[in-house]
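J.: this is a predicted model, with the sequence first.
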Amino acid sequence: MTTQTLDLERLEPWLRQHIHDFEGPLSAEKFAGGQSNPTFKLTAGDRRYVLRRKPPGQLLASAHAVDREYRVIKALADTDVPVPQAFALCDDDSIIGSMFYLMECLEGRVFWDPALPEVSTRERTAMYDEMNRVLAAMHSVDIERVGLSDYGKPGNYFERQIGRWTKQYRASETETQPAMERMIDWLPAHLPADDGRVSLVHGDYRLDNVMFHPTEPRIIAVLDWELSTLGNPIADLAYQVMAWQLPREGGINGMMGVDRGPLGIPSDPEYIARYCERTGRDDIAHWPFYMVFCFFRLAAILQGVKKRAIDGNASSAEAASRGDMVGPLAAMALPYMGD
């Protein structure tokens, strides 16, 4: 089996055993996009499901944690964070070759271009405010009440994340990137003091990881929880803002050079201020550090994508071109470090 296909003959009996009222025949179609965990739309009779699996083959330690995705989606079912219904997790690699889980298939809109050319100015403004609202709701989840108090280690979030992504980057490194080396030295030397705030952190919160209602500017599902953990919520906010600084080519889908005002899209300070209002913050100190960290982490993730493309087990045909962005992306962090 490859990342592009599923062994339906082995999968269907497992589904009949674990999914209530499951009816065949079964068919599968792989969703486009997704650099990490291959995702499939399953059709069984008149029902639709989504299957997320680990890629088969040799993988980096702690990567592709679909079991963590399943756990957090299940935990958020009765909160203000919209998520699909989670049905079942399979940790038996003999079924389709790797761990997978099954969740509800929702009908809605997923947008890839943050400039949102498909919608009106009024709807665009409402959609960005909705993303801000959901982010604040996520960071306000009572982790004790939903059973996620052990979902991550308490304290020293950025110190641990810098260590983790440096290790992941080294494990997938294919060539020396001077800007990455600079960040690996700079980040530990500029760590802000831990403010003690701990929340659920998504880790990859951006426009194409949320699904909007078919006709309303309302999010019906937050998707792709692979990188989620407990940590400092500003990591999510900075990651979203960082993504808007990226170029609009190379499959990155940023908003570099876009005049947001006429489009009804908030500026960085406006978006940050609205988030602070919703979460009870006065302001956010050490903002350049958080931006550098987010550039570093995304570059490390793309290096992993590049390595998987070289090794032949990348989930997307675009993986190699995404990997070519590692150096340019890392260089974008230098101004935040005073270079």
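T.: That came in fine, so what should we check first?
J.: from now on I want contacts and neighbour counts done on CA atoms only, so please keep to that.
T.: Noted.
J.: distance between the ends of stretch 92-110?
T.: End-to-end distance for stretch 92-110, by Cα to Cα, to the nearest Å: 31 Å.
J.: what residues does that stretch touch?
T.: Residues outside stretch 92-110 that contact it (Cα atoms under 8 Å, 6 or more residues apart in numbering) are 1, 6-7, 10-11, 14, 41, 48-56, 66-67, 70, 84-91, 207-214, 220.
J.: give me that answer again for 6 Å
T.: Applying Cα atoms under 6 Å, 6 or more residues apart in numbering, the external contacts of stretch 92-110 come out as 7, 10, 48-54, 56, 84-91, 208, 211-214.
J.: what mean pLDDT does that stretch get?
T.: Averaged over stretch 92-110, pLDDT sits at 94.
J.: can you give me the strands for the stretch 151-300 of the chain?
T.: For the stretch 151-300 of the chain, the strands defined by DSSP state E, counting those that start in this stretch occupy 199-201, 210-212, 219-222, 229-231.
J.: mind giving me the packing neighbours of the second one?
T.: Applying 3 or more Cα pairs under 6 Å, 6 or more residues apart in numbering; DSSP states H and E, we find strand 210-212 packed against strand 219-222.
J.: now for the strand it packs on, which elements pack on it?
T.: Packing partners of strand 219-222 (3+ Cα pairs under 6 Å, 6+ apart): strand 210-212.
J.: now the strand it packs on: average pLDDT?
T.: On average, strand 210-212 scores 97.
J.: repeat that for stretch 295-307.
T.: The average pLDDT for stretch 295-307 rounds to 90.
J.: still on that earlier bit, distance to residue 331 added to the strands of the stretch 151-300 of the chain, as CSV?
T.: Below are the strands of the stretch 151-300 of the chain laid out as CSV (distance: least, Cα to Cα, whole Å):
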stretch, distance to residue 331
strand 199-201, 26
strand 210-212, 28
strand 219-222, 30
strand 229-231, 26
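J.: can you add mean neighbour count and distance to residue 310 and give those strands back as JSON lines?
T.: Shown next, in JSON lines, are the strands of the stretch 151-300 of the chain (neighbours: other Cα atoms under 10 Å; distance: least, Cα to Cα, whole Å):
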{"stretch": "strand 199-201", "mean neighbour count": "23", "distance to residue 310": "30"}
{"stretch": "strand 210-212", "mean neighbour count": "22", "distance to residue 310": "29"}
{"stretch": "strand 219-222", "mean neighbour count": "22", "distance to residue 310": "30"}
{"stretch": "strand 229-231", "mean neighbour count": "24", "distance to residue 310": "29"}
